[in-house]
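A.B. asks: missing the sequence, but the structure's below:
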Ligand SMILES: N[C@@H](CCC(=O)N[C@@H](CS)C(=O)NCC(=O)O)C(=O)O
C-alpha cells in the first residue's frame, strides 16, 4: 500500500509539518512517497497543486485507490483508520476522546496565532508583544494543555500519554511560540521544549535547512535570534578524507559525500543526505548509530 503525500516548504508550511509527523512518528514512512513542492511559483500554492485539483492546499495525500485528501485532519483520520495498530490516536478511550477534541480545536481555531505568528523553522525572533486576540489564544492553549495532561494523567512530554495526532497537530503551534519568544506559562513552556527537542521535528527542520528552503517572502520583519534548541553535535561538510563507513547510513549506497565530526569522517550517498546530517547530526538515529 503506497500513499502519495504532497507537502510544502519544510521551513514555513505549518500543516505540512503536521502531516509529515503523522507519517514519520508512527512508522509509516516506508508506505509513503513524499513530494515537497518548492519553491513557490508565481501563482502560489493553487498553481503548484493545479494537477491535484480539486485540492488547492497543502498537505494533500492521494490514497492507493486514488482518493485525494486535501485536509490535515482527513489525512490523520484516514491514516488512523487504515493503520489501527500504529497508535495515531491513543488506545485509552478517555485519552483518545480528549486527543480528538484537542486536534480538532487546533484545526478549526487559533486564527489570531495562525495568522499573526507564522511558523518559521529557519529562524527565531526576539519576543514580540502579543495582540489582545493572540493573548487570549495563548491563554487558551495553556488551559487546554494543562487540563488534558491532568485528566489523561500524562507523565511524559506529550499531551495524552504517548505521542499522538494531537501532538503532531500542535507541533507547528509549539514552533510558533518558540519563534516569537513566548514562554511564560508553565505547561506551555515544557510542551514547547518537548517539541523542539523531538528528533522527528528536528529531522524535518534539518532537511529544510539542507535543501536551502529559506525565503525572505516568509520571514518576519524583526530582529532574529539563535534557534532556541541547541544543536548538540557539530559537524562540517568536507571534500577530502577517508570515511569510517563504506555505505550511506540512510540508503546503503556507496559513499560519495563526506562530513567531519569530532575529527572523524563519515560518508553519505549524496549531498542532501550529508547536508541534512550536518544541519543536526544528533537527529538521525541511523547516523548516530555509526558514532
Ligand atoms: N485545511 C487545510 C489547510 C491547509 C493550508 O491552509 N495549507 C496552506 C499552507 S500551510 C496552504 O496550502 N495555503 C495555500 C492556500 O490556501 O491557498 C489543512 O488542514 O490541511
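C.D. replies: All right, it came through fine. Please read all numbers here as calculations on a predicted model, not as lab measurements.
A.B. asks: other SSEs contacting the longest helix anywhere in the chain?
C.D. replies: Longest helix in the chain by number of residues (criterion: DSSP state H): helix 132-152. The helices and strands touching helix 132-152, judged by 3 or more C-beta pairs under 8 Å, 6 or more residues apart in numbering; DSSP states H and E, are helix 93-108, helix 111-116, helix 165-179, helix 186-197. For the C-beta atoms, the positions are set from N, CA and C on the backbone; glycine is no exception.
A.B. asks: List the buried residues in that helix.
C.D. replies: In terms of neighbour count (16 or more other C-beta atoms under 10 Å), helix 132-152 has its buried residues at 134, 137, 138, 141, 142, 144, 145, 146, 148, 149, 152.
A.B. asks: JSON lines please, covering these and showing pLDDT.
C.D. replies: Output for the buried residues of helix 132-152, formatted as JSON lines (pLDDT from 0 to 100):
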{"residue": "134", "pLDDT": "97"}
{"residue": "137", "pLDDT": "98"}
{"residue": "138", "pLDDT": "97"}
{"residue": "141", "pLDDT": "98"}
{"residue": "142", "pLDDT": "98"}
{"residue": "144", "pLDDT": "98"}
{"residue": "145", "pLDDT": "98"}
{"residue": "146", "pLDDT": "98"}
{"residue": "148", "pLDDT": "98"}
{"residue": "149", "pLDDT": "98"}
{"residue": "152", "pLDDT": "97"}
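A.B. asks: from these, which is closest to residue 185?
C.D. replies: residue 142 (3.9 Å; C-beta to C-beta).
A.B. asks: in terms of contact, does that closest one touch residue 188 like I think?
C.D. replies: Yes - between residue 142 and residue 188 there is a contact under C-beta atoms under 8 Å: 5.1 Å.
A.B. asks: domains of the protein?
C.D. replies: As assigned by automatic domain parsing, the chain contains the domains 3-82, 93-202, 235-288.
A.B. asks: do you know which of those domains lies nearest the ligand?
C.D. replies: domain 3-82 (3.4 Å; C-beta to the nearest ligand atom).
A.B. asks: Now the phi/psi pair for residue 62, please.
C.D. replies: Phi and psi for residue 62, reported as degrees, to the nearest 10, are phi -100, psi 120.
A.B. asks: can I get the domains of the chain in a markdown table with distance to the ligand?
C.D. replies: Shown next, in a markdown table, are those (distance: least, C-beta to the nearest ligand atom, whole Å):
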| stretch | distance to the ligand |
| --- | --- |
| domain 3-82 | 3 |
| domain 93-202 | 6 |
| domain 235-288 | 21 |
